[in-house]
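Chemist: This is a predicted model, with the sequence first.
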Amino acid sequence: MKLVLIFGPQAVGKMTVGQELEKITGLKLFHNHMTIELVSHFFSYGSKEGKRLVSLFRQEIFEEVAKSDLEGLIFTYVWAFDMQEDWDYIDKVCNIFESRDGKIYFVELEAELEERLERNRSPLRLEHKPTKRDIEFSERDLISTMEKYRLNSIEGEIKKENYIRINNTELSPLEVAQMIKKRFEL
């Protein structure tokens, strides 16, 4: 069992890279908005109820996938490196897979803000993430989150054997997916 964890700031390309990686590896993509969009019909993701339900659905999916005969999972996440609860969450997710002898691969994406703002408006993103369709709100959220949290790691902060950091400002999602596949022999 493999878990490919793709993380980075909003609109950096996690989902689109994950989609391409799914095509060339056969691993299943579980992008973070799959649960956010489901729950948003009932509760805002920012609410206590919304966060609890998103967490519950993700936990159950991770546990079922980890004990299944699937080859693996690609999960996308916005990781606030200056929040201990995010570090704890990543450890919890990894433990689910590692407890069943799964292997974890860490993929950090970064891109220039101008590129991320452009990607925030892309038809593919808006198709898969209805809560991002209010572009004005989504852009404000992207910028304020970036100002409030540190969404990329400091060099040397992630001390995992299976780790790669990619600046994908000028790269296509397929190019990035191919780099990941090659680096980790997926």
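Modeler: Done, it's in.
Chemist: Heading C-terminal from the helix ranked longest in the chain, find the next helix or strand.
Modeler: Longest helix of the chain, by residue count under DSSP state H: helix 48-66. Downstream of helix 48-66, the next assigned helix or strand under DSSP states H and E is strand 72-77.
Chemist: Mind listing the strands that following strand pairs with, and their directions?
Modeler: strand 2-7 (parallel), strand 28-30 (parallel) (DSSP bridges).
Chemist: List of residues touching that strand?
Modeler: 1-7, 14-15, 18, 21-22, 25, 27-32, 62, 65, 90, 93, 102 (C-beta atoms under 8 Å, 6 or more residues apart in numbering). For glycine as for every other residue, the C-beta is placed from the backbone atoms N, C-alpha and C.
Chemist: now swap in stretch 134-151 and tell me
Modeler: 8-11, 78-83, 113, 116-117, 120-121, 132.
Chemist: from those residues, which would you call buried?
Modeler: Buried by 16 or more other C-beta atoms under 10 Å: 8-11, 78-81, 116-117, 120, 132, out of those.
Chemist: Give me the most central residue, this structure.
Modeler: The residue lying closest to the centre of the chain (C-alpha atoms, centre = their mean) is Thr76, at 1.6 Å.
Chemist: Could you measure from the closest residue to Asn167 other than its chain neighbours over to Leu53?
Modeler: Nearest non-adjacent residue to Asn167, counting by C-beta to C-beta, 6 or more residues apart in numbering: Glu110, 5.1 Å away. According to C-beta to C-beta, to the nearest Å, Glu110 stands 30 Å off from Leu53.
Chemist: And for Thr16?
Modeler: Distance from Thr16 to Leu53, by C-beta to C-beta: 26 Å.
Chemist: Quick one: distance of the longest helix of the chain to the chain centre.
Modeler: Its chain's C-alpha centre and that of helix 48-66 lie 14 Å apart, by C-alpha atoms, centre = their mean, to the nearest Å.
Chemist: Contacts for that helix next, please.
Modeler: Contact partners of helix 48-66, identified using C-beta under 8 Å, 6+ apart, comprise 1, 28, 30, 35-36, 38-40, 42-45, 73, 75, 93, 96-97, 99-100, 102.
Chemist: Show only the entries of those found in helices.
Modeler: Mapping the contacts of helix 48-66 onto helices (DSSP H) picks out 35-36, 38-40, 93, 96-97.
Chemist: which of those sit farthest apart?
Modeler: Ser40 and Phe97 (26.8 Å; C-beta to C-beta).
Chemist: between those two, which one's more packed in?
Modeler: Relative neighbour count places Phe97 above the other of Ser40 and Phe97, with 23 against 19, counting by other C-beta atoms under 10 Å.
Chemist: which parts of stretch 90-100 are buried?
Modeler: So for stretch 90-100, counting by 16+ other C-beta under 10 Å, buried means 90, 93-94, 96-97.
Chemist: pLDDT and distance to Lys159 added to those, as CSV?
Modeler: Shown next, in CSV, are these (pLDDT from 0 to 100; distance: C-beta to C-beta, whole Å):
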residue, pLDDT, distance to Lys159
Ile90, 97, 13
Val93, 97, 17
Cys94, 97, 13
Ile96, 98, 20
Phe97, 98, 18
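Chemist: Many thanks, I have nothing further to ask.
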